[in-house]
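Chemist: pasting a predicted model and its sequence here:
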Amino acid sequence: MSENQTVQPEVNETAAKQPDVTVTVRPNGPFRVEGVIKLVDAQGNAWNLEGKPAISLCRCGASANKPFCDGAHNKVGFQSQESPVPAQ
Ligand code: FES
């Protein structure tokens, strides 16, 4: 290679498209959030999520520990199983 040639960094496109955070819509249950996130209230106060690689956020409204899921969705019979509509 001559001194005038530049080296382009190798780009791993698959890795570049990987999100840092994954939110999984659990059937009849919470949103499971995996990855490094900051969770704040309406005033910007952050919950301490140190050491937690994943959290579950209540979407049924029945948790006594909102915004986190405490399993109450099972007791109240929460039903919801959304999936994305396939692209056409
Ligand atoms: S989703 Fe689990 S308590 Fe609401």
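Modeler: Received it, and whenever you're ready, just let me know what you need. Residues are numbered from 1 along each chain as shown.

Chemist: please list the residues of the protein that sit near the ligand.
Modeler: Counting by CB under 6 Å from any ligand atom, the chain comes close to the ligand at 29, 30, 58, 59, 60, 62, 63, 69, 70, 71, 72, 73. All C-beta spots, glycine's among them, are computed from the backbone N, C-alpha and C.

Chemist: now, of the residues you listed, which are buried?
Modeler: Taking 16 or more other CB atoms under 10 Å as the criterion, what is buried in the residues of the chain next to the ligand is 29, 30, 58, 59, 60, 62, 63, 69, 72, 73.

Chemist: how about TSV for these, with secondary structure added?
Modeler: Formatted as TSV, these follow (DSSP: H, G, I helix; E, B strand; the rest coil):
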residue	secondary structure
29	coil
30	coil
58	coil
59	coil
60	coil
62	coil
63	coil
69	coil
72	helix
73	helix
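
Chemist: of these, which is the nearest to residue 52?
Modeler: residue 69 (13.0 Å; CB to CB).

Chemist: what's stretch 61-77 in contact with?
Modeler: 28, 29, 30, 39, 55, 56, 57, 58, 59, 60, 78 (CB atoms under 8 Å, 6 or more residues apart in numbering).

Chemist: list the beta-bridge partners for residue 22.
Modeler: Here residue 22 sits in beta bridges with residue 34, going by DSSP bridges.

Chemist: quick check: it vs residue 65, distance?
Modeler: 22 Å (CB to CB, to the nearest Å).

Chemist: would you map the helices across the chain?
Modeler: 13-17, 72-76 (DSSP state H).

Chemist: now do the last one, average pLDDT.
Modeler: The predicted model gives helix 72-76 an average pLDDT of 98.

Chemist: I appreciate the help and will end here.
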